[in-house]
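# quick one, fold the following:
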Amino acid sequence: MSIQLDHDELHRLLAALADSDIQEFRLEGEDFRLEVRRNLPIASAVAAAVPVASGSDLQVQQVSQVKTELPAPSNPPPAVPAVRADLVDVTAPMVGTFYRAPAPGEPNFVEVGNRIGVGQTVCILEAMKLMNELESEVSGEIIEILVENGTPVEFGEVLMRVKPA
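Below you'll find the model as predicted:
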């Protein structure tokens, strides 16, 4: 059986593992190996290998190795202000670094008071050197931005709050 993982599936798998009680996980395919260990000094994950043409032969070359520390499952997410029933929370779909703008020196995607529409990019979450644009799932007005630019965030952490239109 050949296992194939695309970028989104890998992020969903890592998010599910981070939110579970699993202490050690190993997944191997023909051209990759993923290992995650929790509660050890360092957990390692080997990124997917890519095929590389060499003459008439196709060889597989290792792309990179990623080392990361995973939070213990008992770590609660950071405290956030009390929830208002009339607001919708925009939460982090993965562990990563929160960025308010597409690049340093460029304007932020949104500010408090801005009106947004469904599908509009509201921030970027960087995970494993990949920039993932987070799009709004609701139209409305940005009421609060709870995370500072460049701050690491956890899966499920509230990033901002929107008052639906």
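
# ok, which stretches of this structure are strands?
Taking DSSP state E as the test, the strands found in the chain are 24-28, 33-37, 43-46, 50-54, 57-61, 65-68, 88-91, 96-99, 115-116, 121-127, 130-135, 140-145, 152-153, 158-164.

# can you put these in CSV and add mean pLDDT and distance to Glu9?
For glycine as for every other residue, the C-beta is placed from the backbone atoms N, C-alpha and C. Formatted as CSV, those follow (pLDDT from 0 to 100; distance: least, CB to CB, whole Å):
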stretch, mean pLDDT, distance to Glu9
strand 24-28, 77, 11
strand 33-37, 74, 11
strand 43-46, 40, 14
strand 50-54, 44, 17
strand 57-61, 42, 20
strand 65-68, 46, 16
strand 88-91, 94, 20
strand 96-99, 95, 16
strand 115-116, 96, 28
strand 121-127, 94, 13
strand 130-135, 92, 13
strand 140-145, 95, 29
strand 152-153, 94, 21
strand 158-164, 95, 23
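
# which one of those strands lies nearest to His7?
His7 sits nearest to strand 130-135 of all the strands of the chain, at 6.9 Å, using CB to CB.

# the inter-axis angle of the closest one versus strand 158-164?
Here strand 130-135 points in a direction 20 degrees away from that of strand 158-164 (axes from the mean of the first three to the mean of the last three CA atoms, to 10 degrees).

# still on that earlier bit, please identify which of the strands of the chain is closest to Ala16.
Per CB to CB, nearest to Ala16 of the strands of the chain: strand 24-28, 9.8 Å.

# show me what contacts Glu148?
Applying CB atoms under 8 Å, 6 or more residues apart in numbering, we find Glu148 in contact with Phe98.

# residues near Arg84, how many?
By other CB atoms under 10 Å, the residues close to Arg84 number 12.

# can you read off the pLDDT for it?
With respect to pLDDT, Arg84 scores 74.

# specify the beta-bridge partners of the residue nearest to it when sequence neighbours are not counted.
Distances taken as CB to CB, 6 or more residues apart in numbering put Arg161 closest to Arg84, at 7.5 Å, once the chain neighbours are dropped. Beta-bridge partners for Arg161, by DSSP bridges, are Asp89, Glu144.

# check whether Arg161 really touches Thr91, as I assumed.
No: Arg161 lies out of contact with Thr91 (CB atoms under 8 Å); the separation is 10.2 Å.
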